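Engineer: sequence first, then the predicted structure, then my questions.
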Amino acid sequence: MKNNFALSGIVFVSLIFVLAQSAYATSFPCAFGGTVTVNGNPIAGEQVTAYLNGTGVLVGEGKNTSAGYGISIVDASDQYVFFKVMGTLANEGLQNCVEGTFTQLNLTVDDGDNDGYNVLEDCNDSNAAVNPGAAEICNGIDDNCNGVIDEGFSDLNTSCTVGIGGCARTGVKICSADKLSVVCSVTAGAPSYEACGDGIDNDCNGLTDEICGGGGGGGGGGGSSAYCGDGNLQKYRGEECELNIACNGTGLTCNLTSCKCVECTESWACGEWGQCAGGVQTRTCVDANTCGTVLQKPSESQTCTGSGSSGTQITNLGAIVCGNGVCNDGETCENCPADCQCAGANAQENQGFNILGVFTGAPGLSLLGLLALAIIIAILFFTTRKKKKK
């Protein structure tokens, strides 16, 4: 069957060649014909073209049919030509156009990624994004198959610095996330309090040692190491206050970041207490006004008993210890409700032993109360018995 198919193609192309030779004896120096296979599969109905080697000038074309293809070449006598199928280079490479001859040439094309480029010209025939017609991007790959990786990004892998002063960091240029440019591999560091006399722009504002007495602004100025927040009450250049030292003026507080007296009222909001672990519960409190001061900051930790989020808070009140389940002397409904089992207006506090507590069930020294009650009952019993004997 295959032989019949090839033979039909040869006869078809030969007939075209003979007719062409008789009509245009000097216009068609050679001809080619045969079958066409793409990625191992015979095809029909696709365009086959021939080009002159060196110039790429089109010198012949024809449509592939079920019988094969046939092309008569013009203006290429004794020169080399190459073929394309559907615009993709055929595997057979250069062919010599010998004047007055017909050449049986079965064309094959291998394009594994179907990007229009034959395996012979595609440097990665398994990746459709890589071929001689692709645009080069920054990704460490030769995208356009020219033998050069990431051309157009000349500063790739060169040294770079971001940030100023103490925030400066040095790295190298790397490909950006979108692969269209390069960026520095590092980010600037975080600023810190300006230290006096170290010659470094610690707060990264473009000035060096600006807080130093008699110096600053670019270099220096002596004095011992000092910075905003060091707790030293001596005012250095730029400081108005230190830590939580009161500022002069009603409503002014010392901002710990700038060491400036600012008008700001703390407004703290705290989250729920965490689980009781190791006898301690913690929570987080945030100043909604971000004053930078902690004068009115609530406690973020407390002691507790038990475990988990249901732990009982223990409040130390001198010798009194609330939260141990015992209503001791000095504990009341007001200062220790968890131990004294307060229940409304009739709740009894343990302020020493009282007889009423024995009968009402109020907390107190209950064992001693029962003993006293027993003694009273015994006295009444013997007193009554003596009267009866008389």
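Structural biologist: Good, I have the coordinates. Residues are numbered from 1 along each chain as shown.

Engineer: strands along the stretch 101-250 of the chain, start to end?
Structural biologist: 101-104, 107-109, 159-162, 169-175, 182-184 (DSSP state E, counting those that start in this stretch).

Engineer: buried deepest among those strands, which one?
Structural biologist: Ranked by mean neighbour count under mean count of other Cβ atoms under 10 Å, those are led by strand 107-109, which reaches a mean of 20. (C-beta placed from N, C-alpha, C; glycine too.)

Engineer: just checking, what packs against that one?
Structural biologist: In terms of contacts (3 or more Cβ pairs under 8 Å, 6 or more residues apart in numbering; DSSP states H and E), strand 107-109 is packed against strand 36-38, strand 79-85.

Engineer: one step back: want to try CSV for the strands of the stretch 101-250 of the chain, with distance to Phe32 as columns?
Structural biologist: Shown next, in CSV, are the strands of the stretch 101-250 of the chain (distance: least, Cβ to Cβ, whole Å):
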stretch, distance to Phe32
strand 101-104, 5
strand 107-109, 9
strand 159-162, 57
strand 169-175, 46
strand 182-184, 49
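
Engineer: related to what we said a few turns ago, and the helices and strands packed on strand 107-109: which comes nearest Glu194?
Structural biologist: Across those, Glu194 has its closest neighbour in strand 79-85 (70.6 Å, Cβ to Cβ).

Engineer: picking up where we left off before, of the strands of the stretch 101-250 of the chain, which is nearest Pro42?
Structural biologist: Short answer: strand 107-109, nearest of the strands of the stretch 101-250 of the chain by Cβ to Cβ, at 10.1 Å.

Engineer: that closest one: partners in the sheet, and parallel or antiparallel?
Structural biologist: Here strand 107-109 is paired, per DSSP bridges, with strand 36-38 (parallel).

Engineer: what lies in contact with the strand it pairs with?
Structural biologist: Residues from elsewhere that reach strand 36-38, judged by Cβ atoms under 8 Å, 6 or more residues apart in numbering: 42-44, 46, 48, 64, 68-69, 85-86, 88, 106-109, 111.

Engineer: rounded mean pLDDT for that strand, please.
Structural biologist: Computed over strand 36-38, the mean pLDDT rounds to 91.

Engineer: what is the subsequent helix or strand relative to it?
Structural biologist: Where DSSP states H and E defines the elements, the next helix or strand beyond strand 36-38 is strand 41-42.

Engineer: tell me which helix or strand comes right after that following strand.
Structural biologist: Next along the chain after strand 41-42, taking DSSP H and E as the criterion, comes strand 47-52.

Engineer: parallel or antiparallel, which strands does the following helix or strand past that following strand pair with?
Structural biologist: As assigned by DSSP H and E, the chain's next helix or strand after strand 47-52 is strand 58-63. Taking DSSP bridges as the criterion, strand 58-63 sits next to strand 47-52 (antiparallel) in its sheet.

Engineer: between strand 79-85 and the strand it pairs with, find me the angle.
Structural biologist: Calculated by axes from the mean of the first three to the mean of the last three Cα atoms, to 10 degrees, strand 47-52 forms an angle of 160 degrees with strand 79-85.

Engineer: and strand 47-52, C-alpha only, in PDB?
Structural biologist: Taking C-alpha atoms only, strand 47-52 is exported to PDB below (Å, rounded to 0.1, in the frame of the first residue of the first chain):
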ATOM      1  CA  GLN A  47       1.700  23.700   2.300                       C
ATOM      2  CA  VAL A  48       5.200  22.700   1.300                       C
ATOM      3  CA  THR A  49       7.700  25.400   0.400                       C
ATOM      4  CA  ALA A  50      11.300  25.500  -0.800                       C
ATOM      5  CA  TYR A  51      13.900  28.200  -0.200                       C
ATOM      6  CA  LEU A  52      17.300  29.000  -1.600                       C
END
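
Engineer: any chance you could list what contacts that strand?
Structural biologist: Taking Cβ under 8 Å, 6+ apart as the rule, strand 47-52 contacts 32, 36, 57-64, 69, 71, 73, 75-76, 79-87, 107.

Engineer: of all the helices and strands packed on strand 107-109, which one is nearest Cys145?
Structural biologist: Nearest to Cys145, of all the helices and strands packed on strand 107-109, is strand 79-85, at 17.1 Å by Cβ to Cβ.

Engineer: which residues touch the closest one?
Structural biologist: With Cβ under 8 Å, 6+ apart, strand 79-85 has contacts from 32, 36, 38, 43, 46-53, 59-60, 64, 73, 89-90, 92-97, 105, 107, 109.

Engineer: show me which of those are buried.
Structural biologist: 32, 36, 38, 46, 48-53, 59-60, 64, 73, 89-90, 92, 95, 97, 105, 107, 109 (16 or more other Cβ atoms under 10 Å).

Engineer: can you count the residues close to Thr383?
Structural biologist: Other residues lying near Thr383 total 9 when counted by other Cβ atoms under 10 Å.

Engineer: that one belongs to a helix?
Structural biologist: Yes. Under DSSP: H, G, I helix; E, B strand; the rest coil, Thr383 sits within a helix.

Engineer: closest one to Cys204 among the helices and strands packed on strand 107-109?
Structural biologist: Short answer: strand 79-85, nearest of the helices and strands packed on strand 107-109 by Cβ to Cβ, at 61.3 Å.

Engineer: in contact with the closest residue in space to Ser159 that isn't next to it in sequence, which residues?
Structural biologist: Sequence neighbours aside, Val172 is the residue nearest to Ser159 in space, at 6.0 Å (criterion: Cβ to Cβ, 6 or more residues apart in numbering). By Cβ under 8 Å, 6+ apart, the contact list for Val172 reads Asn157, Thr158, Ser159, Cys160, Cys184, Ser185.
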